[in-house]
Structure formats: structure tokens, C-alpha cells
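*Asks:* I'll drop the sequence and a predicted model, then ask my questions.
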Amino acid sequence: MNIKEITELILTIDKTSIQKVEIEEKDTRISISKSAGNEPTYVEVNDTEIKTANIQQPIEEKMEEIEIAAVEEEDLFVVKSPIVGVYYEAPSPGADPFVKVGDKVNEGQTLCIIEAMKIMNEIESEVSGEIVEILVENEEVVEYGQPLMKIRR
């Protein structure tokens with residue numbers, strides 16, 4: 001789970017009467033609990049891949065950090081999946097990827113392919129800029145509207 005998914009989970013749990021939730025996926029363990037009073041809600045995340053292994057901060061503090069990160073990323077364009085399908089970074093197996101982090105791209109340039117119902121759909125860049133981050137792995141199933149990559153204009 002990434003930080004965005006964890007934040008959404010926290011906010012969803014906070015709106016319910018559920019007092020405690022524990023989730024385990026592979027090497028990630030998330031435990032969320034809230035108190036009945038006006039005390040802040042705390043989150044604990046244990047993940048061997050993420051160096052922030054134990055996070056225990058009030059939700060308000062975490063939301064402030066997320067808002068700050070959003071402000072810092074204002075000059076970034078997020079490429080989102082227009083369809084549900086399988087993400088491919090290259091035109092064929094073994095071929096070089098269409099783009100890599102650090103590549104300069106032009107508007108209209110092919111960024112990736114999303115296969116839906118045996119049809120290969122080329123996803124083209126809507127802006128010119130530099131690829132800053134690729135958010136999905138090759139051959140990963142993507143949802144409609146899911147962020148695929150970030151381009152700094």
C-alpha cells in the first residue's frame with residue numbers, strides 16, 4: 001500500500017464507528033485504532049520496504065504533510081489511465097520502454113500501451129516535459145483514472 005491508499009483508509013475508518021482495523025499484505029502490516037474521546041487517532045505501519053516502518057502521528061499532522069506534498073507537486077502533470085486494462089511500458093516483450101524516468105517527452109508522444117479486450121491502446125502525452133516518476137509496474141492491471149506517471153512541465 002502506498003501513502004495515498006493508507007491516508008484514504010484512515011479517513012474512511014475515521015468516518016465510521018469502527019474502533020480498530022488491522023491489515024496484513026505480504027510484508028506490510030497496518031494497524032489503525034481510534035479512541036472514543038477527543039484524543040487523536042494514531043496509525044502504525046510496519047513495512048520492510050518502506051523505511052518509515054513505524055508511523056505514529058495524529059491524522060491532522062499527516063494530512064498537513066500530504067497537503068504540503070501536493071503544493072510542491074503543482075508543476076507536475078499526472079498521466080491517468082483512460083481505460084481499465086494491462087499497462088505495458090514497451091511495444092513488445094524485450095523491447096526498450098517507450099519512456100524512462102528522466103526522459104524528455106513531447107505532446108503527442110507515446111508513453112505506454114494499455115491492453116483492453118485484446119486491443120492495444122497507445123497512451124500519448126498531453127503535455128511536453130520530463131518524466132519524473134512512473135507509478136505502475138510493467139504488466140500491472142490498471143483502473144480507469146489511475147495515475148500512471150508524472151511529467152514535470
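*Replies:* On my side now, so go ahead. Residues are numbered from 1 along each chain as shown.
*Asks:* can you count the residues close to A116?
*Replies:* 14 (other CB atoms under 10 Å). Heads up, the C-betas are built off the backbone N, CA and C, glycines and all.
*Asks:* Now do it, the pLDDT please.
*Replies:* On pLDDT, A116 comes in at 92.
*Asks:* quick one: strands adjacent to whichever strand or helix holds L111?
*Replies:* Per DSSP states H and E, L111 falls inside strand 110-116. Paired neighbours of strand 110-116 in the sheet (DSSP bridges): strand 85-88 (antiparallel), strand 119-124 (antiparallel).
*Asks:* How about the longest one, which residues are buried there?
*Replies:* Of the residues in strand 119-124, those buried by neighbour count under the rule 16 or more other CB atoms under 10 Å are 121, 123.
*Asks:* With the first one instead?
*Replies:* By neighbour count, with 16+ other CB under 10 Å as the criterion, the buried positions of strand 85-88 are 85, 87-88.
*Asks:* One more: stretch 98-117?
*Replies:* Residues of stretch 98-117 classed as buried: 98-99, 105, 111-114 (neighbour count, 16+ other CB under 10 Å).
*Asks:* What lies in contact with that stretch?
*Replies:* Residues outside stretch 98-117 that contact it (CB atoms under 8 Å, 6 or more residues apart in numbering): 79, 81-91, 120-134, 142, 148-149, 151.
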